[in-house]
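In: the following block contains a protein sequence and its predicted model.
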Number of protein chains: 2
Amino acid sequence: MDFSKIWEEIVRPDGGTIIYVIMDGVGGLPLRQRETELEEAIPVHEKGTELEEARSPNLDELAKESSCGLLETVGPGLTPGSGPGHLALFGYNPVSCRLGRGILSALGINFDLKRGDVAARINFATVDRQSVLMDRRAGRIDSETNRHLCSKIMKSVKLDMEGEFFLETVSEHRAVFILRGSGIEGHIKDTDPQRTGLKPIPAEALDKESEKAANIVNSFIQQAKNLLAGEEKANMILMRGFDTYEPLPTLESRFGLKGICIAQYPMYRGISRLLGLDIAPVPDSPERSVESLEDFYKKGTHDFYFLHFKKTDSAGEDGDYNKKVDAIEQIDALMPRVASLNPDVLVVTADHSTPALMGIHSWHPVPLMIRSRYARVDSVNAFHEEACLKGSLGIRPGLHLMGLALAHAGRLNKFGA
Amino acid sequence: MDFSKIWEEIVRPDGGTIIYVIMDGVGGLPLRQRETELEEAIPVHEKGTELEEARSPNLDELAKESSCGLLETVGPGLTPGSGPGHLALFGYNPVSCRLGRGILSALGINFDLKRGDVAARINFATVDRQSVLMDRRAGRIDSETNRHLCSKIMKSVKLDMEGEFFLETVSEHRAVFILRGSGIEGHIKDTDPQRTGLKPIPAEALDKESEKAANIVNSFIQQAKNLLAGEEKANMILMRGFDTYEPLPTLESRFGLKGICIAQYPMYRGISRLLGLDIAPVPDSPERSVESLEDFYKKGTHDFYFLHFKKTDSAGEDGDYNKKVDAIEQIDALMPRVASLNPDVLVVTADHSTPALMGIHSWHPVPLMIRSRYARVDSVNAFHEEACLKGSLGIRPGLHLMGLALAHAGRLNKFGA
């Protein structure tokens, strides 16, 4: 059941402030399970999950003052991508609001998407003389080279349509392609075969409405390939995550929240922009993120502050347990500054788990705490997965969070008379 | 929300092996609740649920290595029949996939149902001269007599339609009726009044499309009654659980799982056949069931192994608490053999509760454990209802299980980018 429609009905025009602290991918798994690899190096009993292992006295103190629980962000067995994970936390049904990777990437580089734009992610890649894929990342060319190549392609490619296209560097081998024009739709299959030793796949429309765009994309790829022919590494482009941009209703229009996003990484700023949040100047460290939060919070210009920390996820994706523990401890050290702002509602949670044991996102529920004057404080005295199991919020879908945050902020009227 | 549609979208073509150990009806209730009858015989503090009472060290050991929780198989307050209970565990929404008892019975005797067949369960019964029901089970006639009577009816009854019918013995007083022909539908009310002292009810169509079949059924019943007129006990037939057979999409087509069912009882083989599982030769004991599992598992021909134990449910239905405890201990003794196969995912749970206290299926959630390299092991150290409450899986719908099993087996891609 999508309760977010009900919150929309009963939301009040005012109420308290909400801070979301999202520790990306912070949920984990005990390292002791990797017995075969670790039996000599690490005694089995010593390592719980990354959160259990981390010395995080400030998070633990907050847990003592909060309602705790766990969020299954998207659903049972479902490993959330960054998009669905965050949409759920913001009160958007991640199953009905699907976003292509291309759209997210474009939003993430601050590209001003218009309704109807078709976007896709691009990888510069290396192919051999028979057009067989040798490196899906073109040896991870540097961003400067990427910018040069994008500019070259932008100048020379001619599209057979009324409209225009954009090719924007993201970083290293990654770029974004945006096609703007009338009568186009982006239900198009990836051209990236996802494996070396195969040839790139021609763009194929998944429905009749997308055939025009698929033809243009194929012409674009062919022209780009010709232009890149002299390049040693980046002599081909691969495209994936095609989608058509349809703006979502904003957080403000749905829940009356004027929000601001403070995030180092483009993806999270992109999602925030999609929902109409303001975007704070890009901070260059977790410390700067908190400073920025302090500045904006003290100005009082917003109701909803989304503070995103990425390092917990990156370390998990690297499979680096100790680095993830460090990242947690680093965030922990900053928490007193966040907590002392005394928002009406302080939420600490994650968009998904990224256990170092697995080195990828996972489906495991993430710990959650809500500190508020009106939180039903439970007996949980530490912020980790096992402790939060005993919390007063139980295990619940990620989509529940925004309703709880709004309620604790005094922003929801009674349901029914 | 039916997440099984999402799993279908993101399922991978390969991944790890999954073993389901289903202890039918194993969930229970503490016997001390039957105080009035037991206050003298059994001190109040001695008997918890059947699972709490059983000495089951192997299940408890497994619980220590697993994620634990409880499944509300179908829904709150809903007491699952065998069909819905198992469909939920297999990832089929038990509310939208409804199966008539007739269909299940036909599948259970290995009858080769065709799309569009109308099936119903039959009881041979005893009526008096005024056609009033005296015994709904005809004194539980033996299966041999049943076969003789079925054959007699099959030979003599003439249906007024293009098509054919089948009458197949199940056991004792139970048989299955299948009507095959064009233009028939099986939305027909039971003719079994469910109580002695009443007359059997004529078959009544619940919609216009089922009127043809209802008329044929009434003619069939009348002819059968005439043929049985000389019988001392089995002089009437009662029909219930009418339904039309529509094959479900198979487990393999939905989730990429090539499955095999190892079950002593026909009903569970029938459900498995409906979902396209292979059926192992019928084992004649729980030990033989495990032997069969070992054989198939070692051959490596399947991804999904469904091992079904019936005795826990039968004992519960008999209201025999001690027999149910024994049945649990018998399964427990076999668990080391199952566990030592080391499947990527080992699931132990039930399709519903059958508390000996009640002597029937019940709605109470059933304990669940998932052992896997990627399970988030919790502090649960015993496999019973109370202990599993503290587990990391929480209490969740039965329909969640297949998604969790697929995820732990590495068979689901990330949801969204």
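Out: Perfect, thanks for sending it.

In: apart from its chain neighbours, what residue comes closest to residue A:211?
Out: Once its chain neighbours are removed from consideration, residue A:211 has its nearest residue in residue A:205; the separation is 4.3 Å (C-beta to C-beta, 6 or more residues apart in numbering or on different chains). From N, CA and C alone the C-beta is placed, and that goes for glycine too.

In: wait, the one you found sits on residue A:187?
Out: Yes. Residue A:205 is in contact with residue A:187 according to C-beta atoms under 8 Å; the separation is 6.6 Å.

In: distance check, the residue nearest to residue A:211 against residue A:213.
Out: Distance from residue A:205 to residue A:213, counting by C-beta to C-beta, to the nearest Å: 7 Å.

In: repeat that for residue A:225.
Out: Between residue A:225 and residue A:213 the distance, using C-beta to C-beta, works out to 18 Å.

In: who's more crowded, those two?
Out: More neighbours sit around residue A:213 than around the other of residue A:225 and residue A:213, counting by other C-beta atoms under 10 Å in any protein chain shown; the figures are 25 against 16.

In: doesn't that one lie inside a strand?
Out: No. The assignment for residue A:213 by DSSP: H, G, I helix; E, B strand; the rest coil gives helix, which leaves it out of any strand.

In: host element of the closest residue to chain B within the stretch 201-350 of chain A?
Out: Nearest residue of the stretch 201-350 of chain A to chain B: residue A:241, at 5.8 Å (C-beta to the nearest C-beta). Using DSSP states H and E, the secondary-structure element containing residue A:241 is strand A:236-244.

In: partners of that strand in the sheet?
Out: Paired strands of strand A:236-244, with direction, are strand A:118-127 (antiparallel) (DSSP bridges).

In: now the element after the strand it pairs with, going C-ward?
Out: Scanning the chain past strand A:118-127 towards its C-terminal end, the next helix or strand to appear is strand A:133-135 (assignment: DSSP H and E).

In: name the residues that touch that following strand?
Out: Counting contacts by C-beta atoms under 8 Å, 6 or more residues apart in numbering or on different chains, the residues outside strand A:133-135 that touch it are A:125-128, A:193, A:195-200, A:233, A:236, A:238.

In: ok, stretch A:365-385 near chain B or not?
Out: Yes. Taking C-beta under 8 Å from any C-beta of the partner chain as the criterion, stretch A:365-385 and chain B are in contact, through A:365, A:385.

In: in the lengthiest helix in chain A, which residues are buried?
Out: Counting residues, the longest helix found in chain A (DSSP state H) is helix A:321-339. Of the residues in helix A:321-339, those with enough neighbours to count as buried (16 or more other C-beta atoms under 10 Å in any protein chain shown) are A:321, A:323-335, A:338-339.

In: go on, stretch A:85-99?
Out: Neighbour counts using 16+ other C-beta under 10 Å place A:85-95, A:97, A:99 of stretch A:85-99 among the buried residues.

In: closest residue of chain A to chain B?
Out: residue A:77 (3.0 Å).

In: just checking, that residue touches residue B:414?
Out: No. Residue A:77 lies out of contact with residue B:414 (C-beta under 8 Å); the separation is 11.5 Å.

In: of these two, which one has the most company?
Out: The residue with the greater number of neighbours, taking residue A:77 and residue B:414 and applying other C-beta under 10 Å, is residue A:77; the counts read 27 against 18.

In: nearest residue to the more buried one other than its sequence neighbours?
Out: Spatial nearest neighbour of residue A:77, excluding adjacent residues (C-beta to C-beta, 6+ apart): residue B:403 at 3.0 Å.

In: so where's chain A uncertain?
Out: Using pLDDT under 70 as the threshold, the predicted model of chain A has low-confidence ranges A:32-46.

In: and the gap between the residue most central in space within it and residue A:89?
Out: When C-alpha atoms, centre = their mean is applied to chain A, the residue found nearest the centroid is residue A:82 (3.0 Å). Taking C-beta to C-beta as the measure, residue A:82 and residue A:89 are separated by 11 Å.

In: any shared contact partners between the two?
Out: Counting by C-beta under 8 Å, 6+ apart, the contacts common to residue A:82 and residue A:89 are residue A:351.

In: domains of chain A?
Out: For chain A, automatic domain parsing gives the domain ranges A:4-96+A:248-408, A:105-244.

In: looking at those domains, which is buried most?
Out: Of all the domains of chain A, domain A:4-96+A:248-408 has the most neighbours on average by mean count of other C-beta atoms under 10 Å in any protein chain shown, namely a mean of 21.

In: first vs last residue of that domain, how far apart are they?
Out: Distance across domain A:4-96+A:248-408, first residue to last, is 15 Å (C-alpha to C-alpha, to the nearest Å).
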